[in-house]
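K.L.:
Let's see this in three dimensions:
(one chain, ligands or ions: 1)
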Amino acid sequence: MSDRSPRNRAPHRRPDKVRQLAYRVIRQVNGDDGYANLALNKALRDQRLGGRDAAFATELVHGTLRWQGTYDAFLARSVSRPLGELDPELLDLLRLGTHQLLRMRVDSYAAVNEMVTLTRSEVGQKRSGLVNAVLRKISQRSFDHWIDAVAPSEDEDRLGHLSIAKAHPRWVIDAFADVLGSGQALDELLDADNEPPRVTLVARPGLADVDELIEAGATRARWSPYGAVLQGGGDPGRISAVATGRAGVQDEGSQLVATALATAPLEGSDTKWLDLCAGPGGKSALLAALVTEREGELTAVEPLKHRAELVRSNLRAVPGDHRVLVGDGTKPTWPSGWYDRVLADVPCTGLGALRRRPEARWRRTPEDVTELRPLQEALLGSAITSVRPGGLVAYVTCSPHPHETREVVDAVLGRRGDAVLEDARPLFPGVPSLGDGPDVQLWPHLHGTDAMYLALIRRT
Ligand SMILES: C[S@@+](CC[C@H](N)C(=O)[O-])C[C@H]1O[C@@H](n2cnc3c(N)ncnc32)[C@H](O)[C@@H]1O
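P.N.:
Numbering: from 1, shown residues only. Here you go, the predicted structure:
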């Protein structure tokens, strides 16, 4: 063994501060149910890390969490005990090391050494030998060779193979395959989920325009008339329109579904709009800006006080008499048939936004889908009751799971005879690959948006 081996290093060598920060953030996520984005941003602020260090920390945290299920399959072959018997701290150190070895361009020697030093400082000298031995085993194969070694072959079990090769739980892949089939499109979606999304901005109509965002360095979004993309990322808060609430950060898919509701043809009055599940208020702000142009008002409902505050903040720059109600959308405090247009952007599993939340895919369970269903149906029922005859409801989710989308709509419309589905596709001018209708499903791999679902329903 060379005298540079980790075992011969001075035990008091200090751990690399970026890896230490990343490890501690991962512990907050896996150990304390934290959210990676929030925990990482706070840690970067607290440690005053920016530039390349912040980018390295982000890749360590996001990549390790995103690929965690896959790395566990590799580690299960490399550790002599069942992974469940390892201390969670040790398992997270091994996952972090595996990510550097197999999916980052970190030199193997440096990756193992740094992780051994970090292990010593975080959990003690005793465990560092195991980390050293396991990571050396991991480093002996490339990522693709590990997949060949541990995943079922595509011929034998294609979805099982994809689950390991593309880091998605099997039940999530099964749900996606129900909608997309198990061909190439599924691979493309899973790949898209593993890429961080671009930052998309919305110029709230009447308050800012896209040209202003372009002058600030963004480029025009593909389809949303209000959208712009911050190429290369950067802090959107540095743009004055965003800092003042005249513009915001909003996925293009969210802009498109809100705009579809606003532009669907409607006869008669068109001044009373309701956002039934409003927090944090991205769509409320766009709808409020649009209804203001028609001299109307938006009511936004949100049961959680802190999220209702976020809605107020999002609405701060929009002129007009818009209201934020802290309340339960299934228990309307307004008369039936009061509104002209209603958005029901219901709580869902968020399986359409996996690009944004690296830990979400491992945290969600099939039970979440079942548990959310009664609330989703109740909110859609309440939305239909809240709209006047001839008026419109948009049922929206950021999940493509059929139990949360079409099945909810079919169940609710099947029970009542006063509402019909309309073809939503003409409300997405220029947007390709909208499917067979009448509802619309957007996709990360086809549209570069979150997988937003929209069913447009008219009260008869
Ligand atoms: C998918 S999010 C809405 C996102 C929002 N439309 C936006 O674009 O920013 C769903 C929201 O519904 C809220 N919610 C949960 N239960 C609700 C209920 N019973 N009535 C109304 N809203 C509810 C959640 O707190 C959450 O803020």
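K.L.:
Now stretch 274-285 - C-alpha only, PDB.
P.N.:
Extracted C-alpha coordinates of stretch 274-285, given in PDB (Å, rounded to 0.1, in the frame of the first residue of the first chain):
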ATOM      1  CA  LEU A 274     -61.800  31.500  -8.000                       C
ATOM      2  CA  ASP A 275     -58.500  29.700  -7.200                       C
ATOM      3  CA  LEU A 276     -59.700  26.900  -4.900                       C
ATOM      4  CA  CYS A 277     -56.300  25.500  -3.800                       C
ATOM      5  CA  ALA A 278     -54.000  28.500  -4.100                       C
ATOM      6  CA  GLY A 279     -50.800  28.200  -2.100                       C
ATOM      7  CA  PRO A 280     -48.200  29.300  -2.700                       C
ATOM      8  CA  GLY A 281     -49.900  31.400  -5.300                       C
ATOM      9  CA  GLY A 282     -48.000  31.200  -8.600                       C
ATOM     10  CA  LYS A 283     -51.100  30.500 -10.600                       C
ATOM     11  CA  SER A 284     -53.200  32.900  -8.500                       C
ATOM     12  CA  ALA A 285     -50.900  35.800  -9.500                       C
END
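K.L.:
quick one: Pro389 is in a helix?
P.N.:
No - per DSSP: H, G, I helix; E, B strand; the rest coil, Pro389 lies outside any helix segment and is strand.
K.L.:
Number of residues surrounding Leu434?
P.N.:
Using other Cβ atoms under 10 Å, Leu434 has 19 neighbouring residues. Where C-beta positions appear, they are placed from N, C-alpha and C, glycine not excepted.
K.L.:
That one and Pro426 touch, don't they?
P.N.:
No - using Cβ atoms under 8 Å, Leu434 makes no contact with Pro426, being 9.4 Å away.
K.L.:
Ignoring the adjacent residues along the chain, who's closest to Ala185?
P.N.:
His445 (7.0 Å; Cβ to Cβ, 6 or more residues apart in numbering).
K.L.:
Next, the contact list for that neighbour, please.
P.N.:
185, 188-189, 191-192 (Cβ atoms under 8 Å, 6 or more residues apart in numbering).
K.L.:
Just put those residues in JSON lines and tack on pLDDT and neighbour count.
P.N.:
JSON lines is the format used below for these (pLDDT from 0 to 100; neighbours: other Cβ atoms under 10 Å):
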{"residue": "Ala185", "pLDDT": "98", "neighbour count": "17"}
{"residue": "Glu188", "pLDDT": "98", "neighbour count": "15"}
{"residue": "Leu189", "pLDDT": "98", "neighbour count": "25"}
{"residue": "Asp191", "pLDDT": "98", "neighbour count": "12"}
{"residue": "Ala192", "pLDDT": "98", "neighbour count": "18"}
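K.L.:
Now distance to Thr244 and secondary structure too, for those residues, in TSV please.
P.N.:
Below are the contacts of His445 laid out as TSV (distance: Cβ to Cβ, whole Å; DSSP: H, G, I helix; E, B strand; the rest coil):
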residue	distance to Thr244	secondary structure
Ala185	41	helix
Glu188	38	helix
Leu189	36	helix
Asp191	37	helix
Ala192	33	helix
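K.L.:
and which of those is nearest Pro438?
P.N.:
Ala185 (20.8 Å; Cβ to Cβ).
K.L.:
Quick check: the closest one vs Val257, distance?
P.N.:
Between Ala185 and Val257 the computed distance is 21 Å (Cβ to Cβ, to the nearest Å).
K.L.:
This protein: strands as residue ranges?
P.N.:
199-203, 219-220, 227-230, 247-249, 272-275, 297-302, 323-326, 339-345, 387-397, 419-422, 440-441, 453-459 (DSSP state E).
K.L.:
can you count the residues close to the nearest residue to Asp439 once chain neighbours are set aside?
P.N.:
Of all residues not flanking Asp439 in the chain, Ala455 sits nearest, at 4.2 Å (Cβ to Cβ, 6+ apart). A count of nearby residues for Ala455, using other Cβ under 10 Å, gives 25.
K.L.:
Show me what Ala455 bridges to in the sheet.
P.N.:
Beta-bridge pairing of Ala455 under DSSP bridges involves Tyr395.
K.L.:
Contact partners for it?
P.N.:
394-395, 405-406, 409, 421, 424, 438-439.
K.L.:
Out of those, which end up buried?
P.N.:
With burial judged by 16 or more other Cβ atoms under 10 Å, the buried subset of the contacts of Ala455 is 394-395, 405-406, 409, 421, 424, 439.
K.L.:
Nearest to the ligand among the residues you listed?
P.N.:
Ala394 (10.4 Å; Cβ to the nearest ligand atom).
K.L.:
pLDDT score for the closest one?
P.N.:
Here, the pLDDT recorded for Ala394 equals 99.
K.L.:
these two touch, right, it and Leu343?
P.N.:
Yes - when contacts are counted by Cβ under 8 Å, Ala394 is listed as touching Leu343 (5.1 Å).
K.L.:
So for these two, which residues contact both of them?
P.N.:
What both Ala394 and Leu343 touch, as defined by Cβ under 8 Å, 6+ apart, is the set 258, 261.
K.L.:
and for the longest helix along the chain, what are the contacting residues?
P.N.:
Counting residues, the longest helix in the chain under DSSP state H turns out to be helix 366-386. The contact list for helix 366-386 (Cβ under 8 Å, 6+ apart) reads 171, 175, 274, 276-277, 329-332, 334, 336-339, 342-344, 346-349, 393, 395, 397, 401, 403-404, 408-409, 411-412, 415-416, 418-419, 457, 459.
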